[in-house]
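S.K.: Dropping the sequence and predicted coords here.
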Amino acid sequence: MPGNLISITPEDIQSWPEPNYLLLLGAWVTVVLFTALCNLAALRYDVGRHLWDIPVQFFENIAEITWLAEFCFLFCGGCTKISVLLFYRRLVGDSYDKRWKWAVIGAIIFTAAWTLSFMLCLVFNCNPTQAYWKAFDPTWHRQYSCVDTTFINLLAGIFAIASDIYSIALPCLVTRNFRIPSGQKLALNAIFLAGILVVAASIVRTYYLYEVGHNSDVSWLIFDVYVWAQVELQLGIMLASAPALRIFFRRYLNKPINRAVHTATGSLNPRSAERSGSRFSNHDADYTSGSKDSWNQRDEYSPTRDQAKSDFAQVSVIEQGGSFLSTAPSTDSLIRSPEDYEAYNLQRLEHCRQSLDKRGGRAPNFSQPFGWHHITRGK
């Protein structure tokens with residue numbers, strides 16, 4: 001395989017763990033729908049006002065939107081928590097202590113079970129289901145029966161808080177014995193501990209959910225439930241996606257950030273800029289630092305040191321306006337890649353050889369690596 005990589009067989013691919021980004025995708029879709037429903041309830045049907053300030057004909061729509069929002073909340077929260085737990089499952093997949101593995105699997109089963117249970121409770125809360133909102137329609141005369149959901153809503157909030165705490169405590173205990181750099185461990189624990197904000201939002205949401213079941217001004221209190229449910233879901237998705245941001249920053253933002261920092265540092269030190277004649281980024285220094293060392297070693301074969309420095313200055317690379325420019329009068333000498341850098345060195349070696357021939361010196365043997373350092377000039 002190219003690049004001396006290991007051979008990957010179809011059996012190896014089949015053994016890879018299933019991607020958990022599908023769960024986050026489902027969570028993202030439902031949280032968008034949940035946000036749209038909250039905005040619709042507040043802007044179109046006056047949720048957030050006192051019940052006596054809302055027209056009676058809006059009650060049916062508010063109840064229907066609330067039912068859909070509850071369903072989206074349960075589905076989104078369950079997908080997000082299971083996605084995070086699957087990430088932990090990968091962390092402890094090769095652990096010597098199988099207790100961590102079974103602890104994560106138990107948390108996944110617990111989260112999936114209570115999420116599915118409360119979704120079924122929501123569906124079968126009324127018989128028929130549409131009676132949940134049709135009961136507020138005076139023209140609807142079908143027979144129906146509904147169960148009081150005050151205790152069920154409180155129990156759902158308690159289960160959500162318990163699963164959030166479990167999802168925070170478990171990774172902190174798992175990673176405490178990981179042999180990774182302290183900086184990475186600190187960042188990892190910071191992400192895990194940031195889940196405390198999700199727990200706090202869940203506690204506040206559960207409190208307002210309890211108040212909804214014990215207060216007649218439902219439209220006023222349900223708005224606070226929407227707000228804290230939004231905070232809980234959005235923070236959960238962001239924290240579940242946080243581990244992947246490290247790869248994103250390293251791949252797409254590492255060089256621009258380093259370049260910006262180096263440029264700012266160079267602009268604050270004009271004396272060093274005057275000595276160098278140009279501001280080099282880290283990327284440029286990789287191409288040009290080798291040239292400076294090579295000129296110091298080839299002085300005895302070059303006509304003059306000043307000429308060598310002059311030739312080097314002709315192909316120096318500077319950064320201007322986000323692009324790389326050469327100080328040479330022609331763009332042919334611009335060093336754009338390692339291949340250009342190698343070609344430039346070969347050209348200068350050939351120039352040194354021709355100069356020695358003209359002066360009667362013996363040219364170094366360039367075919368032997370580093371052998372030319374020990375060749376003395378002819379007299």
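M.R.: Right, received. Where do you want to start?
S.K.: Which elements pack onto the host helix or strand of Leu86?
M.R.: Following DSSP states H and E, one finds Leu86 within helix 59-91. Where contact means 3 or more CB pairs under 8 Å, 6 or more residues apart in numbering; DSSP states H and E, helix 59-91 is packed against helix 21-43, helix 98-123, helix 131-134, helix 150-174, helix 218-248. For glycine as for every other residue, the C-beta is placed from the backbone atoms N, C-alpha and C.
S.K.: 10 Å instead?
M.R.: If you count contacts as 3 or more CB pairs under 10 Å, 6 or more residues apart in numbering; DSSP states H and E, helix 59-91 packs onto helix 21-43, helix 98-123, helix 131-134, helix 150-174, helix 182-193, helix 195-212, helix 218-248.
S.K.: In the longest one, which residues are buried?
M.R.: Buried positions in helix 218-248, judged by neighbour count with 16 or more other CB atoms under 10 Å: 218-237, 239-242.
S.K.: could you check the angle helix 182-193 makes with the helix holding Leu86?
M.R.: If you take axes from the mean of the first three to the mean of the last three CA atoms, to 10 degrees, helix 59-91 sits at 150 degrees to helix 182-193.
S.K.: how much does helix 59-91 deviate in direction from helix 150-174?
M.R.: 20 degrees.
S.K.: buried ones in helix 59-91?
M.R.: The neighbour-count check on helix 59-91 (16+ other CB under 10 Å) flags 59-86, 88-89, 91 as buried.
S.K.: and this structure, what are its domains?
M.R.: For the chain, automatic domain parsing gives the domain ranges 16-253, 275-374.
S.K.: Point out the most buried one among these.
M.R.: Sort the domains of the chain by mean neighbour count, taking mean count of other CB atoms under 10 Å, and domain 16-253 sits at the top with a mean of 17.
S.K.: Same list, the helices and strands packed on helix 59-91, but as JSON lines with distance to Arg142 and mean pLDDT please.
M.R.: Below are these laid out as JSON lines (distance: least, CB to CB, whole Å; pLDDT from 0 to 100):
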{"stretch": "helix 21-43", "distance to Arg142": "25", "mean pLDDT": "82"}
{"stretch": "helix 98-123", "distance to Arg142": "18", "mean pLDDT": "89"}
{"stretch": "helix 131-134", "distance to Arg142": "7", "mean pLDDT": "90"}
{"stretch": "helix 150-174", "distance to Arg142": "23", "mean pLDDT": "86"}
{"stretch": "helix 182-193", "distance to Arg142": "50", "mean pLDDT": "74"}
{"stretch": "helix 195-212", "distance to Arg142": "26", "mean pLDDT": "90"}
{"stretch": "helix 218-248", "distance to Arg142": "23", "mean pLDDT": "85"}
